[in-house]
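*Asks:* the following block contains a protein sequence and its predicted model.
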Amino acid sequence: MSTTFSLACVPYYDQVNQCYKNVVTVDRQPTGVLVAVTKQLSFAPLSPFDVPSNCYRRNQCKYVVLDPSDKSYFLDPRDIATLYSYLLSNGCSVNTDITNMTLKSGIMKPVSLVAFITVP
């Protein structure tokens, strides 16, 4: 059975290097070949106003995509082709129809949707 995931580009504060960087995340716990290139991280709030409320659910833990060619680094969103190559060579697919439909709807804002992928 295959599972469809969304990939998004989100800001992350790197506390070690004390800088902000964009990272690619998976919407929930990955399965299949995606497990080997993800790491669960706790995201600190980017703003003191970023607090959970009855109207806003904040998910502190996210699954960050690692660089498939060097898993000691997060995947730089500008190198997304590396991830696509890894996924396609391992039997996964990029669902452009669902990605385009979702992008046109605007429903995923303010999250920067990258793509929907299907993992066997």
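*Replies:* Looks like it came in fine. All figures in this text were calculated on a predicted structure; none of them were measured in a lab. Numbers count the residues shown, from 1 in each chain.
*Asks:* can we go C-alpha only for contacts and neighbour counts from here?
*Replies:* Will do.
*Asks:* please enumerate the strands of the chain.
*Replies:* 3-14, 19-26, 38-42, 61-67, 70-74, 93-94, 112-119 (DSSP state E).
*Asks:* so which of these is the most surrounded?
*Replies:* strand 61-67 (a mean of 21; mean count of other CA atoms under 10 Å).
*Asks:* still on that earlier bit, can I get the strands of the chain in JSON lines including mean pLDDT and distance to Gly106?
*Replies:* JSON lines is the format used below for the strands of the chain (pLDDT from 0 to 100; distance: least, CA to CA, whole Å):
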{"stretch": "strand 3-14", "mean pLDDT": "94", "distance to Gly106": "14"}
{"stretch": "strand 19-26", "mean pLDDT": "95", "distance to Gly106": "19"}
{"stretch": "strand 38-42", "mean pLDDT": "94", "distance to Gly106": "26"}
{"stretch": "strand 61-67", "mean pLDDT": "96", "distance to Gly106": "22"}
{"stretch": "strand 70-74", "mean pLDDT": "97", "distance to Gly106": "27"}
{"stretch": "strand 93-94", "mean pLDDT": "98", "distance to Gly106": "19"}
{"stretch": "strand 112-119", "mean pLDDT": "96", "distance to Gly106": "10"}
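*Asks:* can you say which of these is nearest to Thr82?
*Replies:* strand 61-67 (7.5 Å; CA to CA).
*Asks:* so what does that closest one touch, helix or strand wise?
*Replies:* strand 19-26, strand 38-42, strand 70-74 (3 or more CA pairs under 8 Å, 6 or more residues apart in numbering; DSSP states H and E).
*Asks:* tell me which of those sits nearest to Ser85.
*Replies:* With CA to CA as the measure, strand 70-74 is the member of the helices and strands packed on strand 61-67 nearest Ser85 (14.0 Å).
*Asks:* re the thing from before, how about the helices and strands packed on strand 61-67, which one is nearest Val119?
*Replies:* strand 19-26 (11.9 Å).
*Asks:* contact partners for the spatially most central residue of the chain?
*Replies:* The centroid of the chain falls nearest to Thr25 when counting by CA atoms, centre = their mean (1.5 Å). Thr25 makes contact with Leu7, Ala8, Cys9, Val10, Lys62, Tyr63, Val64, Val65, according to CA atoms under 8 Å, 6 or more residues apart in numbering.
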